[in-house]
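>>> task: produce atomic coordinates for the following.
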Amino acid sequence: MRLTVVTVGGKMPVWVNEGVAEYTRRLPREIRLEWRELPLARRGRDTSPEQLRIREGEQILKALPASERVIALDVRGAAWSTEQLALQLSDWKMAGSDVSLLVGGPDGLSDACLQRAQHRWSLSALTLPHPLVRVVIAEQLYRAWTITAGHPYHRA
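All right, here's what the predicted structure looks like:
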């Protein structure tokens, strides 16, 4: 199974890349965690947040294979517990489907991206900085896998 995090943003600090790489490395071979970075839409004085969301959304949608299961990270989404994420991960594996997790730019995801998604997942009701979001996603996917594998990493 392939999990692809499609994210809009710029260059990340070293600590982010190291954290993401560490949790990605820990996952078993049958779960490939990949990252696809797309550039931010060009910002200008007269560019509205809605225009930016639309432009970035078009990039995101072009990057998605038609058969991909899509999960949009959205503050208004469902707040899955780690155990619920583990159940989702098991369901995705059983279905044999690859999954794309969408992370919008600073202005969020476009309506088109939200409509394309089968689920909306909220990491937190808090506003998290994009670098931290990447590390949290990687760690939580690893933690969810450890639950499904009976690995002692997760302690409920």
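>>> every contact and neighbour count from this point should use C-alpha atoms.
OK.
>>> tell me what the residue nearest the centre of the chain is bridged to.
Residue closest to the average C-alpha location in the chain (CA atoms, centre = their mean): residue 101, at 3.5 Å. Beta bridges link residue 101 to residue 5, residue 71, judged by DSSP bridges.
>>> residues touching it, list them.
Residues near residue 101 by CA atoms under 8 Å, 6 or more residues apart in numbering: 3-6, 70-73.
>>> what about the longest helix in the protein?
Assignment by DSSP state H gives helix 130-149 as the longest helix of the chain.
>>> per-residue pLDDT, the residue nearest to the centre of the chain?
According to the prediction, residue 101 has pLDDT 98.
>>> which strand or helix spans residue 28?
Per DSSP states H and E: residue 28 is located in neither a helix nor a strand.
>>> tell me the one of the contacts of residue 101 nearest residue 144?
Using CA to CA, residue 3 comes nearest to residue 144 of the contacts of residue 101, at 12.9 Å.
>>> so where's this structure shaky on pLDDT?
For the chain, not a single residue meets the criterion pLDDT under 70.
>>> hey, where'd the strands end up in it?
2-8, 32-38, 69-78, 99-103, 119-121 (DSSP state E).
>>> partners of the shortest one in the sheet?
Think strand 119-121. When DSSP bridges is applied, strand 119-121 pairs with strand 69-78 (parallel).
>>> what residues does the partner strand touch?
Outside strand 69-78, the residues touching it (CA under 8 Å, 6+ apart) are 97-104, 108-109, 113-114, 116-125, 127.
>>> now do stretch 23-30
Here stretch 23-30 makes contact (CA under 8 Å, 6+ apart) with 1, 32-33, 138-139, 142, 145.
>>> which members of the residues you listed are classed as buried?
Buried members of the contacts of stretch 23-30, scored by 16 or more other CA atoms under 10 Å, are 1, 33, 138-139, 142, 145.
>>> next, format the residues you listed as a markdown table and append distance to residue 53.
Below are those laid out as a markdown table (distance: CA to CA, whole Å):
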| residue | distance to residue 53 |
| --- | --- |
| 1 | 29 |
| 33 | 25 |
| 138 | 24 |
| 139 | 27 |
| 142 | 29 |
| 145 | 32 |
